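**Student:** below is the structure, and that's it, no one-letter string:
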């Protein structure tokens, strides 16, 4: 392939002709760079990234030479500094120094070569900067940095926050041959290797490309958090533009609604839940008449189940103390009236559901029971479909979209696509709306 060549049994090298306009700053017609891989396919994938990096540095040198007074001069200086080819002062000193001092240092440097011109002797292992850490330390450092943001998460929520970040770092390590490199060494080339590793995995195992994209997003996030934790100005963004294309014809998945008639005929039938523990059954019943997320119900603390109010209700909110719990977002903070089977279920459990509070076992438990006992319409249905059914019931009753959103804990501002004015819907109005769609309450579930 034109532009890359392999020297013996070593890695591929990229050869690039220098555009004429840059001859005056580089003093040569060709630039050579090692691509760090002996795979022809990976080398070809890396070429666009390497070419752009070279051209960016050459353009920075040209700006510095021909337009020393332009607005882009300081950014050009930073690009040259970050390229690793300016050894007059440490990079951190240059970036922290006043612009005049930085420019004065550049004037002492006659020619700066952005790339190697030929294979050189093996470089000595670089000494880490004082604040530098290795990939294996990254998640621990970021966890400490994000402690304040995560202060409301309970143990289970923290586990769900940490594990995907650990997994993405481990995947990157696998992609680069388990080399526990410094975080500062994670550049565009490393990110491309991560992408290529996922491309192979997706092709071989038939995985959804979105699985890989989530991995890249987590990696992008932890690297950003790390550089923020050390207050690094203009931090590198090696994962910018890294992602796999979505399946062309793939439809966005959404949970199937559990049909209302199915609920009344199957779930409300006598002895329908024989053998199921009461907490699991009653979480399901509350979800039918409130439209709440399963986790919002299963993690309710005692003080959030308000039965002595003129309008009995549950309160979804961020909790502190021994019942510490984070909710999905600000819009999720709401009060929902209890009627019918939901009110009866809440009265049976005024202190909540300790069996499922603080863990993630409810969803698998209820779906396993329903599936094994023929209580789901088809394979792709789950108990979580009651939330979608609840909104469809409101829609069928003629309830406005933004009112439905407020009941469901969605952002009304996003629904209206404009600034939000006025007070929130009060409990009395919510009760009126819920009563419009309430299902008949079977005697055996009262």
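**Tutor:** Sure, I can see it. Here the structure is a predicted model, which means the values were calculated and not measured. Numbering: from 1, shown residues only.

**Student:** so where's the stretch 151-300 of the chain uncertain?
**Tutor:** Scanning the stretch 151-300 of the chain for pLDDT under 70 picks out 248-250, 252.

**Student:** helices of that one, residue ranges please.
**Tutor:** 155-175, 188-205, 209-229, 260-262, 278-290, 294-298 (DSSP state H, counting those that start in this stretch).

**Student:** nearest to residue 35, of those helices?
**Tutor:** helix 188-205 (7.6 Å; CB to CB). C-beta here means a position set from N, CA and C on the backbone, and glycine is covered the same way.

**Student:** just give the number of residues close to residue 267.
**Tutor:** As a burial measure, residue 267 scores 22 neighbours (other CB atoms under 10 Å).

**Student:** ok, it - contacts?
**Tutor:** Residues in contact with residue 267, defined by CB atoms under 8 Å, 6 or more residues apart in numbering, are 273, 284, 288, 375.

**Student:** isn't the third one right up against residue 390?
**Tutor:** In other words, residue 288. Yes: using CB atoms under 8 Å, residue 288 is in contact with residue 390, at 7.3 Å.

**Student:** and of the helices of the stretch 151-300 of the chain, who's closest to residue 327?
**Tutor:** helix 294-298 (7.1 Å).

**Student:** as CSV, the helices of the stretch 151-300 of the chain with mean neighbour count and distance to residue 364 would be great.
**Tutor:** Formatted as CSV, these follow (neighbours: other CB atoms under 10 Å; distance: least, CB to CB, whole Å):
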stretch, mean neighbour count, distance to residue 364
helix 155-175, 16, 13
helix 188-205, 18, 23
helix 209-229, 18, 20
helix 260-262, 14, 21
helix 278-290, 23, 11
helix 294-298, 24, 11
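
**Student:** in this structure, spot the helix with the most residues.
**Tutor:** If you go by DSSP state H, the chain has its longest helix at helix 40-66.

**Student:** what helices or strands is that one leaning on?
**Tutor:** strand 4-6, strand 12-17, helix 23-26, strand 30-34, helix 73-82, helix 188-205 (3 or more CB pairs under 8 Å, 6 or more residues apart in numbering; DSSP states H and E).

**Student:** rebuild these as a markdown table, extending it with distance to residue 226.
**Tutor:** Formatted as a markdown table, the helices and strands packed on helix 40-66 follow (distance: least, CB to CB, whole Å):
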| stretch | distance to residue 226 |
| --- | --- |
| strand 4-6 | 32 |
| strand 12-17 | 29 |
| helix 23-26 | 33 |
| strand 30-34 | 27 |
| helix 73-82 | 17 |
| helix 188-205 | 14 |
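
**Student:** residue 424 is nearest to which of those?
**Tutor:** Nearest of those (CB to CB): helix 188-205, 43.5 Å.

**Student:** that closest one versus helix 40-66: what angle between them?
**Tutor:** 150 degrees (axes from the mean of the first three to the mean of the last three CA atoms, to 10 degrees).

**Student:** wouldn't residue 192 be in contact with residue 44 here?
**Tutor:** No: the pair residue 192 / residue 44 is not scored as a contact, 10.7 Å apart, by CB under 8 Å.

**Student:** residue contacts, residue 181?
**Tutor:** 134-135, 190.

**Student:** distance check, it against residue 260.
**Tutor:** As judged by CB to CB, to the nearest Å, residue 181 and residue 260 stand 56 Å apart.

**Student:** report the buried residues of stretch 265-281.
**Tutor:** 266-268, 272-273, 276, 279-281 (16 or more other CB atoms under 10 Å).

**Student:** one more: stretch 378-387?
**Tutor:** Those buried within stretch 378-387 under the rule 16+ other CB under 10 Å are 381-387.

**Student:** which ones among those residues map onto helices?
**Tutor:** Among the buried residues of stretch 378-387, the ones falling in helices (DSSP H) are 385-387.

**Student:** and the residues you listed, which is closest to residue 62?
**Tutor:** Nearest to residue 62 among those, with distances taken as CB to CB, is residue 387, at 58.1 Å.

**Student:** was I right to think that closest one contacts residue 286?
**Tutor:** No: at 11.5 Å, residue 387 does not count as touching residue 286 under the criterion of CB under 8 Å.

**Student:** distance of the nearest residue to residue 281 once chain neighbours are set aside from residue 341?
**Tutor:** Of all residues beyond its chain neighbours, the one nearest residue 281 is residue 273 (4.6 Å), with distances taken as CB to CB, 6 or more residues apart in numbering. Distance, residue 273 to residue 341, by CB to CB: 12 Å.

**Student:** coming back round to it: and of the buried residues of stretch 265-281, the nearest to residue 144?
**Tutor:** Of those, the one sitting nearest to residue 144 (CB to CB) turns out to be residue 279, at 35.8 Å.

**Student:** hang on, that closest one packs against residue 349?
**Tutor:** Yes: in this structure, residue 279 is within contact of residue 349 by CB under 8 Å, at 6.7 Å.

**Student:** now do the contacts for the residue nearest to residue 244 when sequence neighbours are not counted.
**Tutor:** Nearest residue to residue 244, sequence neighbours excluded (CB to CB, 6+ apart): residue 209, at 3.9 Å. Taking CB under 8 Å, 6+ apart, we find residue 209 in contact with 202, 244-247.

**Student:** how about residue 202?
**Tutor:** 208-209, 211-212, 244.

**Student:** kindly report the same for residue 42.
**Tutor:** 35, 192-193, 196.

**Student:** how about the residues you listed, which pair is most distant?
**Tutor:** Longest distance between any two of the contacts of residue 42 is 12.1 Å, between 35 and 196; criterion CB to CB.

**Student:** ok, so of the contacts of residue 181, who is nearest residue 368?
**Tutor:** For these, the nearest to residue 368 is residue 135 (37.6 Å; CB to CB).

**Student:** number of nearby residues for the closest one?
**Tutor:** Neighbours around residue 135, by other CB under 10 Å: 21.

**Student:** partner residues bridging residue 5?
**Tutor:** For residue 5, the beta-bridge partners are residue 13 (DSSP bridges).
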